[in-house]
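Trainee: whatever this is, show me its structure:
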Amino acid sequence: MERENFRSRLGFLLLSAGCAIGVGNVWKFPYVTGQYGGGFFVLIYLLFLVIMGVPIMTMEFAVGRASRKSVVQSYRVLEKPGQKWHLFGYLGMIGNYILMMFYTTVAGWMLYYFYLFVSGQFDGLSGKAIGGVFVNMLGNPGVMGFWMLVIVILGFVVCSFGLQKGVERITKWMMLALLLLIVVLAIHSITLPGGIEGLSFYLVPNWGRVEDAGLLNVVVAAMNQAFFTLSLGIGSMAIFGSYLPRNKRLMGESLRIAGLDTFVAIMAGLIIFPACFSFGIQPDSGPPLIFITLPNVFSAMTGGRIWGALFFLFLAFAALSTVIAVFENIMACCMDNWGWSRKKAALINFFIVAVTSLPCVFGFNLWSAFMPFGDGSNVLDLEDFVVSNLLLPFGSLIYLLFCTHRFGWGFSKYQAEANEGEGARVPGWIRIWVSWILPVLVVFLLLYGVWAKFFGA
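Mentor: Alright, predicted model coming up:
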């Protein structure tokens with residue numbers, strides 16, 4: 001079967017960026033920035049994004065484009081006879097499934113809150129009642145299960161129409177709408193009374209706040225965020241590389257995608273921090289910032305129903321763009337490995353993802369007694385830890401070793417593939433960095449994540 005290709009370069013850039021842009025940008029980035037002191041954290045994050053995230057992204061794209069296959073078969077095509085690199089590809093495939101086991105639920109929350117704002121159900125509620133909406137949602141498996149199913153159905157319907165007619169066409173318009181929404185919301189937020197104070201906290205480096213948080217903690221958190229924001233390590237980018245023509249070099253494309261991803265993360269902060277300062281709310285209040293704090297802010301605003309609806313529509317688009325991209329990766333794996341048709345891959349995976357997403361839904365209510373990491377933890381925490389702290393860094397380490405060492409694909413072949421076409425090159429001097437130093441940083445992140453979870457670093 002002939003490999004599908006993107007209809008346009010814009011489609012590739014927006015779809016790849018859509019995969020990277022998600023809950024990590026619009027939920028985690030602003031509250032982590034708040035926790036670690038604002039502007040200084042943002043600067044370190046941008047540095048690590050360029051020196052860690054972008055090189056690994058070029059490797060995923062190179063492996064995908066050279067092999068024209070998804071995560072398992074891409075290793076099989078490029079490995080030397082008798083090697084077993086493709087076994088790591090199965091870990092990547094499993095990682096995509098585990099990611100969707102909780103991501104579909106969180107995406108459902110975004111869509112549900114959009115519905116609540118559009119239908120006026122936050123109008124006139126007190127602050128306590130607004131917090132109660134989130135608690136009630138978590139306690140209701142029917143509501144969470146319904147919105148999770150809506151997300152799963154939407155994602156697989158889009159993917160079933162094909163790369164160009166479904167995935168590229170829908171995601172392109174959704175991403176353009178997302179970018180427009182975020183600019184409108186940011187301008188509105190900055191112009192709120194007291195908004196400039198929030199802007200200053202967010203973007204002006206303040207050494208005193210870094211000392212309060214601890215410099216090592218700030219650096220590790222920035223490294224973590226830069227690394228995980230691009231969804232690297234489980235073949236989510238490799239699949240889009242497999243649909244790419246060879247007329248553009250991969251370093252330039254990776255920089256553009258990282259730039260789009262960062263633009264959305266920075267702009268999310270421009271929405272959240274001025275709004276928090278305008279209404280006297282702590283900007284480091286953690287994950288509840290999105291579902292309790294901000295709905296309170298919108299309810300107190302003039303025209304808050306409209307602004308709240310637009311904000312959660314933006315969040316839903318960000319989450320759904322990732323869902324569609326990962327569903328495409330899952331379906332491509334099935335089509336490559338077992339020769340399934342696109343429609344068959346969509347139908348079978350709809351049932352698999354819908355059923356395997358239920359533990360996350362039940363983890364907040366029916367199964368709430370299961371606390372894998374102690375009091376207050378739940379199934380989502382476990383699934384997120386497995387993907388974010390184990391499979392993403394380990395998968396990225398495998399891509400690094402495979403693309404830089406002679407017992408894998410090798411640096412010269414990776415560099416030649418990445419430098420096909422026009423644009424920014426992967427330079428020869430980067431070899432020492434990606435072969436020896438970057439793997440050590442990734443191993444550090446992997447070990448630190450495990451240590452922090454179990455020993456409270």
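Trainee: which stretches in the stretch 201-350 of the chain count as helices?
Mentor: 207-213, 215-228, 238-241, 250-278, 288, 294-300, 304-338, 342-356 (DSSP state H, counting those that start in this stretch).
Trainee: tell me the most buried of the ones you listed?
Mentor: Greatest average neighbour count among those goes to helix 238-241 (a mean of 30), per mean count of other CB atoms under 10 Å. Using the backbone N, CA and C atoms, a C-beta is placed for each residue, glycine as well.
Trainee: convert the C-alpha atoms of that one to CSV, please.
Mentor: Extracted in CSV, the C-alpha atoms of helix 238-241 (Å, rounded to 0.1, in the frame of the first residue of the first chain):
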residue,chain,number,x,y,z
ALA,A,238,8.0,9.8,14.0
ILE,A,239,4.7,8.9,12.4
PHE,A,240,4.4,12.4,10.9
GLY,A,241,7.9,12.2,9.7
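Trainee: for that helix, packing partners?
Mentor: On a contact count with 3 or more CB pairs under 8 Å, 6 or more residues apart in numbering; DSSP states H and E, helix 238-241 meets helix 9-20, helix 54-67, helix 71-78, helix 304-338.
Trainee: got JSON lines for the ones you listed, with distance to Ser435 and mean pLDDT too?
Mentor: What follows is these, written out as JSON lines (distance: least, CB to CB, whole Å; pLDDT from 0 to 100):
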{"stretch": "helix 9-20", "distance to Ser435": "24", "mean pLDDT": "85"}
{"stretch": "helix 54-67", "distance to Ser435": "11", "mean pLDDT": "96"}
{"stretch": "helix 71-78", "distance to Ser435": "17", "mean pLDDT": "94"}
{"stretch": "helix 304-338", "distance to Ser435": "27", "mean pLDDT": "91"}
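Trainee: would you convert these into JSON lines that also reports distance to Leu149?
Mentor: Listed next are the helices and strands packed on helix 238-241 as JSON lines, based on distance: least, CB to CB, whole Å:
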{"stretch": "helix 9-20", "distance to Leu149": "21"}
{"stretch": "helix 54-67", "distance to Leu149": "30"}
{"stretch": "helix 71-78", "distance to Leu149": "26"}
{"stretch": "helix 304-338", "distance to Leu149": "12"}
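Trainee: give me the distance between Gly37 and Met52.
Mentor: Gly37 sits 21 Å away from Met52, going by CB to CB, to the nearest Å.
Trainee: please apply the same query to Pro393.
Mentor: As judged by CB to CB, Pro393 and Met52 stand 11 Å apart.
Trainee: find residues that contact each of those two.
Mentor: Phe227, Val442 (CB atoms under 8 Å, 6 or more residues apart in numbering).
Trainee: and these two? which has more neighbours close in?
Mentor: Using other CB atoms under 10 Å, the more surrounded residue of Pro393 and Met52 is Pro393, with 25 against 22.
Trainee: helix or strand next in line after the stretch of helix or strand that one belongs to, which one?
Mentor: In this assignment (DSSP states H and E), Pro393 forms part of helix 392-404. Counting by DSSP H and E, the next helix or strand C-terminal to helix 392-404 is helix 411-418.
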